[in-house]
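Visitor: Take a look and give me a structure for this.
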Amino acid sequence: MDRLHAMRVFITVAETGSLSAAARHLGLPLTTVSRQLASLEAHVGANLIARTTRRLSVTEEGRTYLEICRRVLDELDGAERRLAQHEDTLDGEIVVTAPVVFGRLFLLPLVTRFLALHPGLNARLHLADRVVDLTEEGIDVALRIGALPASSLIATKVGALRLLTCASPAYIRKHGEPKTPDGLVNHDCIVFSGLPREGRWSFRSAAHGRYAVRIRARLAVNTAEAAVDAAVAGLGLTRILSYQAEASLARKRLKTVLAAFDDTEVPVHLVRRPVRMPKPQVRQFVEFAARELRSRLGKAGNPRG
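Guide: Numbers count the residues shown, from 1 in each chain. The predicted model follows:
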């Protein structure tokens, strides 16, 4: 058995979720893929893939071995590129993930510019409003918004966002502007991200300390874009991240309120898996994206309005 080839087969099966899809991706007969996987499992002495009638899934042992396989092959590919003195000419593929709206506004322009600088490189941009497992889904770089849990991932901070309370000028003219968080009890509010209709908003600032106030959710939605649209339409106040409000604030369609009561910063990081010899495109993309995002997030994190 060619163990390196079997490792590549295993990685492809894990990423595609089926033997037949892996066979199509690799251009191999299904029987070859099945035989290679079985031989690799026999060699390591563990079941790497759990097989059911409906789908395949990576076992706990398989997840550990998957990371080892990716690391070995990444390092081998990197060493071969350096030996061939192709370090300055990026080729291959890079896989990046980010939240949907942030990715469209910030990451997509950066990825397209990076590809323009490196014609031999391809990219996949996976936009999803969930925490994606980098190892399981074969992701090279992920953008994460919020505090990071303890992990082995390598994190590069690229900036910070703020949480803002906003309403349309028309709503403020009609209902007045709350002067303290306690004043929200007299206002209609728009909530999103699965908050209950009767919930609380939390505020924190160096000047005023912490506030947790009960609000009346006139409307509950599951996306920030819908919350912004409803606030612009004059339905009530909403709480959103600064980049989500940036365009509407710039056009004077929204106005921030209670800014003195919340100076909370929400960190933004690029994270990647710890690989002893990372692919050149991963290292260079993180450096490129971090530089550009630090400049852009300085503006998005301090919106006017």
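Visitor: and the gap between the residue nearest the centre of the chain and Leu48?
Guide: Centroid-nearest residue in the chain: Ala98, 2.8 Å away (criterion: CA atoms, centre = their mean). Distance, Ala98 to Leu48, using CB to CB, to the nearest Å: 29 Å. In short, each C-beta sits where N, CA and C put it, glycine included.
Visitor: Which strands and helices lie in contact with the helix or strand Gly199 falls within?
Guide: Using DSSP states H and E, Gly199 sits in strand 198-205. Applying 3 or more CB pairs under 8 Å, 6 or more residues apart in numbering; DSSP states H and E, we find strand 198-205 packed against strand 209-221.
Visitor: which strands and helices sit next to the strand it packs on?
Guide: Using 3+ CB pairs under 8 Å, 6+ apart: strand 209-221 touches strand 188-192, strand 198-205, helix 224-232.
Visitor: follow-up on the earlier one: pull the number of nearby residues for the closest residue to the residue nearest to the centre of the chain other than its chain neighbours.
Guide: Nearest non-adjacent residue to Ala98, counting by CB to CB, 6 or more residues apart in numbering: Leu143, 4.0 Å away. Using other CB atoms under 10 Å, Leu143 has 21 neighbouring residues.
Visitor: Cys166 too?
Guide: Counted with other CB under 10 Å, Cys166 comes out at 28.
Visitor: Can you tell me the closest non-neighbouring residue to it?
Guide: Closest to Cys166 by CB to CB, 6+ apart is Leu254, at 4.3 Å.
Visitor: Quick one: residues contacting that neighbour.
Guide: Cys166, Ala167, Ser168, Val228, Ala231, Val232, Ala245, Ser248, Gly305 (CB atoms under 8 Å, 6 or more residues apart in numbering).
Visitor: Phi and psi next, for it.
Guide: phi -130, psi 160 (degrees, to the nearest 10).
Visitor: And the helices in the stretch 1-150 of the chain?
Guide: Counting by DSSP state H, counting those that start in this stretch, the stretch 1-150 of the chain has helices at residues 3-16, 19-26, 30-44, 60-83, 100-102, 108-117.
Visitor: now the second one and helix 3-16, what's the angle there?
Guide: So the one you mean is helix 19-26. Interaxial angle, helix 19-26 versus helix 3-16 (axes from the mean of the first three to the mean of the last three CA atoms, to 10 degrees): 120 degrees.
Visitor: How about the fourth one?
Guide: If you take the same axes, to 10 degrees, helix 60-83 sits at 120 degrees to helix 3-16.
Visitor: so helix 60-83 versus helix 30-44, what angle?
Guide: Here helix 60-83 points in a direction 100 degrees away from that of helix 30-44 (the same axes, to 10 degrees).
Visitor: What residues does the residue nearest to Asn47 when sequence neighbours are not counted make contact with?
Guide: Leaving aside its chain neighbours, Asn47 sits nearest to Thr59 (5.4 Å; criterion: CB to CB, 6+ apart). Applying CB under 8 Å, 6+ apart, one finds that Thr59 lies in contact with Ala46, Asn47, Leu48, Ile49, Ala50.
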